[in-house]
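Asks: sequence first, then the predicted structure:
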Amino acid sequence: MRMTKVFTFLLFLLMITHVACDGNNESGQEIKKEEEQEQEQEPEKEPEKGVDVSFAEYTLEGTSCQWVNLDFDDPCPQYNLLMINSSEVLEEYIEGTDYPAIDFSKQTLLLAYGIECYNYYQDSVSLQQLSEQNYLMTVNLRPSIAVAFSEWEVAIVIDKLGAECKVELDITNK
């Protein structure tokens, strides 16, 4: 008699477990169906792809000039981008007079700068035109051995951009 009660109890537990598992499986299938429907409704967004824009790097090396007035509100990291379209504005950011000339009637200077919590240096820069008035400037930074705050500047000269154009800055640390 005792064996029958144990067997009945085990059979009861097995039935409960089976029902519970089927219930979880059905709700799992419902969740999967909902996820599939959401994926069908919202296609995955691809990153914006643009057209590479040619540029010339602008450097103050070999001159007695240096970049100035590149202020930071917070210690780090922080990144900024200036679109400079006149000699008067450029003079606000350069100390010295023997800097390379830019023809602002035909060209724009993009000056990206930042501060890092560790010592990074500029490795490469690229510029893409995403739409008629939108651009993306990407600066790749590489770490160096020293552990110290570091400031960096990257300047490029491109064909003239109008005031309505917007340039977004993208920083990558590799």
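Replies: Here it is on my side, so go on.

Asks: contacts, neighbours, all on C-alpha from now
Replies: OK.

Asks: quick one, helices of this protein?
Replies: Using DSSP state H, the helices of the chain run over residues 2-41, 87-93.

Asks: list the buried residues for the last one?
Replies: Buried residues in helix 87-93, defined by neighbour count with 16 or more other C-alpha atoms under 10 Å: residue 90.

Asks: quick one: mean pLDDT for that helix?
Replies: Across helix 87-93, the average pLDDT comes to 96.

Asks: what's in contact with that helix?
Replies: For helix 87-93, the external contacting residues (C-alpha atoms under 8 Å, 6 or more residues apart in numbering) are 67-70, 84, 102, 104.

Asks: returning to that earlier point: and the helices of the chain, which one averages the lowest pLDDT?
Replies: Note on the helices of the chain: lowest mean pLDDT is at helix 2-41, with a mean of 55.

Asks: if we can go back for a sec, which of the contacts of helix 87-93 tops the neighbour count?
Replies: When neighbours are taken as other C-alpha atoms under 10 Å, the top entry among the contacts of helix 87-93 is residue 84 (20 neighbours).

Asks: residues in contact with that one?
Replies: 90, 108-111.

Asks: can you do 7 Å?
Replies: The contact partners of residue 84, by C-alpha atoms under 7 Å, 6 or more residues apart in numbering, come to 90, 108-110.

Asks: so which of those are in strands?
Replies: Residues of those located in strands (DSSP state E): 108-110.

Asks: now distance to residue 128 too, for those residues, in a markdown table please.
Replies: Formatted as a markdown table, these follow (distance: C-alpha to C-alpha, whole Å):
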| residue | distance to residue 128 |
| --- | --- |
| 108 | 15 |
| 109 | 15 |
| 110 | 13 |
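
Asks: now, which of these sits nearest residue 124?
Replies: Using C-alpha to C-alpha, residue 110 comes nearest to residue 124 of these, at 14.5 Å.

Asks: isn't residue 104 right next to residue 86, touching?
Replies: Yes: under the criterion of C-alpha atoms under 7 Å, residue 104 makes contact with residue 86 at 5.6 Å.

Asks: and residue 96, how far is that from residue 154?
Replies: Residue 96 sits 18 Å away from residue 154, going by C-alpha to C-alpha, to the nearest Å.
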